[in-house]
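Chemist: this one's structure only:
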């Protein structure tokens, strides 16, 4: 099948590789423009662009996919279908009407739940034990199209949004290949999304990373894992930002107030919370490198009763 592939982040790389391996003709890869990244501000290519270049595939990077010149360019590819995975722009009906099979989206949740952006973050934050991917027929709405296929993915207690997205990307890669076979065979049975059970995963904000120590250890642990890639979970120690990269909830009730250090061992700092204890295992103090707590303690004499704010 002749395909135009639309995607931008790392999540979208594996599905592109799977489509190439399955023998589909990728007429072009459409991705977001190159952007400055990190403290250096160095302009970097999206991961999907790097993949396309590796395979010698034409890359198109429109600022606005709905712009007349972008629509005209898409028509020149004469695609049978668009396959979309975390592209980052909404496709207009005009764009979706160009290929005969329209657009197929690899969405990183089990629709109709967790429509919108950041579903992998929100399922961890909300304590879900399962999620998955849905292949859906795109329409002009935001993740409102008919569902074509689903695959469930288990969420482990140690999963971060990064590790979970890798699993979801792999599941979506296999599923889109199977769905395209059914598209060509005409054997799909699209399913409408029940609006009464749909809900959206909201945008993440930097302020979501600030730890409220009155919450339970389990909730804070989810915060650390669910916001791992951005913005990260953080607190303040002696006026400096302390980012928490890894933490493990523990049962038991501390004697100290919430947010105060309950115990310090050679490789952990255990903090009292609103319910339970939280074992800090990997941290990064403002201006320092990320490190295991055992290394952090070599240069920091944090003690029992000290307050994290």
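Modeler: Cool, got the structure. Remember, predicted model here, so these are calculated numbers, not experimental data.
Chemist: make it CA atoms for all contacts and neighbour counts henceforth
Modeler: Fine.
Chemist: using the record's domain definitions, break the protein down for me.
Modeler: 2-201, 206-296 (automatic domain parsing).
Chemist: give me the average confidence score over the longest one.
Modeler: Averaged over domain 2-201, pLDDT sits at 97.
Chemist: re earlier: which one of the domains of the chain lies closest to residue 309?
Modeler: Put simply, out of those the one that sits nearest residue 309 is domain 206-296, at 5.0 Å, with distance taken as CA to CA.
Chemist: can you give me the strands for the stretch 151-300 of the chain?
Modeler: In the stretch 151-300 of the chain, the segments counted as strands under DSSP state E, counting those that start in this stretch are 200-201, 233-237, 240-250, 261-264, 269-272, 277-285, 291-292.
Chemist: ok, back up a step: now distance to residue 308 and mean neighbour count too, for the domains of the chain, in JSON lines please.
Modeler: Formatted as JSON lines, these follow (distance: least, CA to CA, whole Å; neighbours: other CA atoms under 10 Å):
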{"stretch": "domain 2-201", "distance to residue 308": "21", "mean neighbour count": "18"}
{"stretch": "domain 206-296", "distance to residue 308": "5", "mean neighbour count": "19"}
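Chemist: turn those domains into TSV, including distance to residue 306.
Modeler: Listed next are those as TSV, based on distance: least, CA to CA, whole Å:
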stretch	distance to residue 306
domain 2-201	27
domain 206-296	5
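Chemist: contact partners for residue 161?
Modeler: Contacts were defined as CA atoms under 8 Å, 6 or more residues apart in numbering; by that measure residue 161 touches 120-121, 124, 225-229.
Chemist: now swap in residue 10 and tell me
Modeler: Each residue near residue 10 by CA under 8 Å, 6+ apart is listed here: 46-48.
Chemist: pipe the residues you listed into TSV and attach secondary structure and distance to residue 13 per row.
Modeler: Supplementary listing: these in TSV, determined by DSSP: H, G, I helix; E, B strand; the rest coil; distance: CA to CA, whole Å:
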residue	secondary structure	distance to residue 13
46	coil	10
47	helix	7
48	helix	5
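Chemist: of those, closest to residue 140?
Modeler: Distance to residue 140 across the contacts of residue 10 (CA to CA) is lowest for residue 48, with 23.6 Å.
Chemist: if I look at that closest one, how far off is residue 224?
Modeler: With distances defined as CA to CA, to the nearest Å, the gap from residue 48 to residue 224 amounts to 27 Å.
Chemist: for stretch 291-298, what is the average pLDDT?
Modeler: Stretch 291-298 comes out at a mean pLDDT of 97.
Chemist: touching that stretch from outside, list them.
Modeler: Residues from elsewhere that reach stretch 291-298 (CA under 8 Å, 6+ apart): 266-269, 280-284.
Chemist: what about 6 Å?
Modeler: Residues outside stretch 291-298 that contact it (CA atoms under 6 Å, 6 or more residues apart in numbering): 266-268, 281-283.
Chemist: could you dump the residues you listed to TSV with pLDDT and distance to residue 307?
Modeler: Converted to TSV, those look like this (pLDDT from 0 to 100; distance: CA to CA, whole Å):
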residue	pLDDT	distance to residue 307
266	92	19
267	93	19
268	95	16
281	97	17
282	98	18
283	98	16
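Chemist: phi first, then psi, for residue 273.
Modeler: Dihedral angles of residue 273 (phi, psi; degrees, to the nearest 10) stand at phi -130, psi -180.
Chemist: is it true that it touches residue 213?
Modeler: Yes. Under the criterion of CA atoms under 6 Å, residue 273 makes contact with residue 213 at 5.1 Å.
Chemist: where do the contact lists of these two overlap?
Modeler: Residues touching both residue 273 and residue 213 (CA under 6 Å, 6+ apart): 258-259.
Chemist: what residues does residue 259 make contact with?
Modeler: Applying CA under 6 Å, 6+ apart, we find residue 259 in contact with 213, 272-273, 307-308.
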